[in-house]
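> give me a 3D structure for the following:
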Amino acid sequence: MKKTKEQISYNMQRVKNKDSDIEIKLRKELWSRGIRYRKNVSTIFGKPDIAFPSKKVAVFCDSEFWHGYDWDNKKSEIKTRREFWIPKIEKNIQRDIEVNKRLASEGWIVLRFWGKEIKKSTKECADLIEQTIAKR
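Next up, the predicted model:
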């Protein structure tokens with residue numbers, strides 16, 4: 001069933017930029033392991049979804065649409081407002097690369113997980129975070 005412009009607009013306005021389902025799922029797993037973190041730290045470049053400032057580990061939970069998962073193939077699937085969405089998502093991809101470079105240059109370890117990765121393998125994602133902070 002094709003959605004109207006109003007329905008699509010309504011849905012897009014409801015997309016959260018923090019406390020998304022994938023972030024909450026990963027944070028609950030970390031919390032259940034006794035791993036404490038800070039969330040959405042505005043003083044850290046890129047404002048990571050989950051951060052361990054004393055260990056200099058930043059975690060980002062990236063949704064596939066907004067962050068351009070498999071972008072070379074997926075951008076052809078965008079049918080409406082291509083002139084808006086394609087540059088917007090490509091700018092997000094570039095920003096993610098810049099955030100990774102800058103944090104790495106400041107001594108941070110950056111971990112990025114795709115939403116579907118978090119949904120399917122939450123424990124494995126948390127394992128990687130736990131191992132990374134343990135090494136620091």
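> count of residues packed around Gln94?
Neighbour count for Gln94, taken as other CB atoms under 10 Å: 11. No exception for glycine: its C-beta is placed from N, CA and C like everyone else's.
> any idea how far it is from Gln131?
With the distance defined as CB to CB, to the nearest Å, Gln94 ends up 29 Å from Gln131.
> and the next helix or strand past the helix or strand bottoming out on mean pLDDT in the chain?
One helix or strand of the chain scores below all others by mean pLDDT, DSSP states H and E: helix 5-13, with a mean of 64. As assigned by DSSP states H and E, the chain's next helix or strand after helix 5-13 is helix 21-32.
> list the helices and strands the helix or strand following that following helix packs on?
Counting by DSSP H and E, the next helix or strand C-terminal to helix 21-32 is strand 38-39. On a contact count with 3 or more CB pairs under 8 Å, 6 or more residues apart in numbering; DSSP states H and E, strand 38-39 meets strand 50-52.
> and stretch 90-99, average pLDDT?
Across stretch 90-99, pLDDT averages out at 96.
> CA atoms of that stretch as PDB?
What follows is stretch 90-99 as a C-alpha-only set of coordinates in PDB (Å, rounded to 0.1, in the frame of the first residue of the first chain):
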ATOM      1  CA  GLU A  90      25.700  11.000   1.700                       C
ATOM      2  CA  LYS A  91      26.500  14.000   4.000                       C
ATOM      3  CA  ASN A  92      25.700  11.700   7.000                       C
ATOM      4  CA  ILE A  93      28.100   9.100   5.700                       C
ATOM      5  CA  GLN A  94      30.800  11.800   5.300                       C
ATOM      6  CA  ARG A  95      30.100  13.100   8.800                       C
ATOM      7  CA  ASP A  96      30.500   9.600  10.200                       C
ATOM      8  CA  ILE A  97      33.900   9.200   8.500                       C
ATOM      9  CA  GLU A  98      35.000  12.600   9.900                       C
ATOM     10  CA  VAL A  99      33.800  11.800  13.400                       C
END
